[in-house]
Structures are given as C-alpha cells and as structure tokens.
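Undergrad: Here is my input; please provide its structure:
(one chain, ligands or ions: 1)
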Amino acid sequence: MHNVVIIGSGCAGLTAAIYAGRASLKPLVIDGHEPGGQLTLTTTVENFPGFPDGILGPDLTDNMRKQAQKFGAEFKSGAVTAVDLSKRPFRVTAGEATYETQTLIVAAGASARLLGLESERKLMGHGVSTCATCDGFFFRGKPIAVVGGGDSAMEEANFLTRYASKVYLVHRRNEFRASKIMSERVQANPKIELVTPVVVEEILSGEGGVTGMRLKNAKTGALSEVQVDGVFVSIGHEPNTKPFRGQLDMDANGYLIAKNGSSHTNVPGVFVAGDVHDSRYRQAITAAGSGCKAAIDAEKFLEEHSH
Ligand code: NAP
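TA: Numbering: from 1, shown residues only. Just a heads-up that it's a prediction; the model follows:
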C-alpha cells in the first residue's frame, strides 16, 4: 500500500515526487511511456529559472529525478493502462503490476502530435521542435517553417517572426482551422509566407541540422522544396488521459479538470499536475509549479484522513 502514486515522470511528476518525498511519504513514480516527459525532446532550456547558462532538457529531468530519489521516491518503469478510482485505496495497473495507493497524482502529460516522419524523429531537438516558446530564440535571423493550420500554428508563426528572418506557414489544406482573427493576423504579417495545400514529405538535413523540407502539393502531387533552418511542428497535442476516461472529469479536448485553481479533481484523493490538465501554458516551470501544488494537496489529504 502506497501513500502516493505519481503517474508520469516529466517536470510535474518529478516535482511532485520531490515534495512528497521530502514530506516522508515515500512516493512511487510510474515513469510512463516517455520517461522524463517532453523535456527529453528538447536540447537547451534557457528559460527555467536558476540556470543562467541554460541546461539541456534531459539533464534537467535527470537532476530532478536524482533529487526525488534523494528524498526517497521510488521509480517503476512502464505506462499505466488502467486505474480504478471508484474507491480508496485506488488501484493503478501498469503492465503486469497493480499498485494500491491512498492518493494519486496524475501527471501523465500531453504529447505533441507528430507528422510521423523518420527524419522528424531523428532531428527532434536538432532543428525540429514542437515548442516555439522554448526554441524560437535559437533561430534568430534564420528562415524557419511552422507546420499546421490551427490556432497554435498561427500563434507560433506570429511569435516566431520576432526571431526568424522569414516564417513559412505550411498547411495541408487551403482553409485554416484557426479562428478568423488569428488567421488574418498571420496573413497580414509581412514576414510570413503561406504555403498550402501541401503535405510534408521529408525534413531535409545536412551536417549542421535541418536545411529544408520537401513538400508535396495535396491537389496536384507536385513536389517542391523550401530552405529553412528550423521546423516547428504545431499540429496539436493529445493529453495522455485515456485510462481516466469515465472516472475523472475532462474538458472537450480530453484535458483533466482541476477544481478552482487547486490540484483537486472530482475524485477526492486524486490530484492533477502539469500538461495533462494544462493546454494553455505548457511550460516546464508551470508544470513543476503544479507538481508542487499536487504534492502539497496530497499531503494535506493524507493528514486529514489520518494516514
Ligand atoms: P488543432 O486546432 O487541433 O489544429 C491542428 C492543426 O494541425 C489543424 O490545422 C490540422 O489540419 C493540422 N494537422 C493535424 N494532424 C496533422 C498531420 N498529421 N499532418 C499535417 N497537419 C496536421 O490544434 P491546436 O492548433 O494546437 O489548437 C488546440 C486547441 O487550442 C484549439 O481549440 C485552439 O483553438 C486552442 N488554441 C487557442 C489559442 C488562442 O486562442 N490563443 C492558441 C492556441 C490554441 P486540418 O485542419 O487539416 O485537420
């Protein structure tokens, strides 16, 4: 029987583990299908407070993990496939193992949707990014592309014109899913060129990283190339909430709902942290902050229920 099981080992889960560990709760962290979370997909993180020279994303999560272990957190690898939250103790199944716990912190994160190209996977963090706020700064004075036609793609294309010499907005249809105001803003921006209706066939690279993209016209099949130093894939995120469907309250996009700015969910004793309930900020530091809140809420809950 565990006091606290934490699902997910990104910034949110690891921060929750540090706080719960330090409160002598001996948390158990179930790593998830992407141990270390989205930070493992990036290179230098320059906006996490406390690292004036920046820190590599994987190093930051490694440090957090060591810090959690120092305070007694235990780690198990594997992804959670099922939970039973109908009564306490809750039951959490990952692979062959089932764990019982008095409280649960869900920090399962969200995964950026990807195009599914081998080159995209290989160049992730080396010219390919899923986060403009995190990586835009590295492309000062360089041409880049944003892939997608939703509000995120529009927002990121606009944002990236602060740094890039030119931004190609590459989308598979001529129509945009994004709101009118966001699309109009993009169309009015002289630094942005729309490239539609095209599908990304390949991300091209040389020794220094990304050099361009090969595109295929979705209507005519004609092939073309654009030369860019960076590709921002902005085709949406999927919160990792499948095992919680029907048990925890979610919004229309599948993100978990926390009550009144706390980490409490609709099930007493189940708390939420990080991108799994945040489609707005999605930053390492906000995820870490919410992990702290969830651990404090879990500790309080255990105290009140005298465990
Ligand atoms: P989204 O609305 O789901 O849009 C995803 C975009 O990516 C669509 O244009 C889609 O094309 C394209 N796409 C999906 N899979 C693709 C693939 N395999 N290959 C190529 N293109 C692909 O996602 P989002 O833009 O991240 O927005 C998510 C939610 O957050 C939305 O409700 C949005 O309004 C909201 N949001 C709001 C703001 C704001 O108001 N400031 C900012 C950001 C996000 P198709 O259109 O052809 O399907």
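Undergrad: Quick one: neighbours of the residue of the chain found nearest the ligand, just the number.
TA: Per CB to the nearest ligand atom, Gly150 is where the chain lies closest to the ligand, at 2.4 Å. Where you see a C-beta, it was placed from the backbone N, CA and C, and this is true even at glycine. Per other CB atoms under 10 Å, the neighbour tally for Gly150 reads 18.
Undergrad: How about it: what's its closest non-neighbour residue?
TA: The spatial neighbour of Gly150 that comes closest, neighbours along the chain excluded (CB to CB, 6 or more residues apart in numbering), is Arg177 at 4.7 Å.
Undergrad: which SS class is that neighbour?
TA: Using DSSP: H, G, I helix; E, B strand; the rest coil, the structure places Arg177 in coil.
Undergrad: Now the phi/psi pair for the closest residue in space to Lys142 that isn't next to it in sequence, please.
TA: Nearest non-adjacent residue to Lys142, counting by CB to CB, 6+ apart: Asp229, 4.1 Å away. For Asp229, the backbone dihedrals (degrees, to the nearest 10) come out as phi -100, psi -10.
Undergrad: swap in Val92?
TA: Residue torsions, per degrees, to the nearest 10, at Val92 are phi -130, psi 120.
Undergrad: Grab the nearest non-local neighbour of it.
TA: Nearest residue to Val92, sequence neighbours excluded (CB to CB, 6+ apart): Tyr99, at 4.8 Å.
Undergrad: And Pro268, by the same measure?
TA: Nearest non-adjacent residue to Pro268 (CB to CB, 6+ apart): Phe301, at 7.2 Å.
Undergrad: Confirm that neighbour sits in a strand?
TA: No: Phe301: not assigned to a strand; according to three-state DSSP it is helix.
Undergrad: wait, doesn't it sit right on Thr265?
TA: No: taking contacts as CB atoms under 8 Å, Phe301 lies outside contact range of Thr265: 11.5 Å.
Undergrad: Overlap of the contact sets of these two?
TA: Listed contacts common to Phe301 and Thr265 are Phe271; contacts here mean CB atoms under 8 Å, 6 or more residues apart in numbering.
Undergrad: More neighbours: those two, which one.
TA: Set side by side, Phe301 and Thr265 show more neighbours around Thr265, with 24 against 18, by other CB under 10 Å.
Undergrad: residues contacting that one?
TA: Counting by CB under 8 Å, 6+ apart, Thr265 touches Val106, Leu248, Asp249, Leu256, Ile257, Ala258, Lys259, Phe271, Val272.
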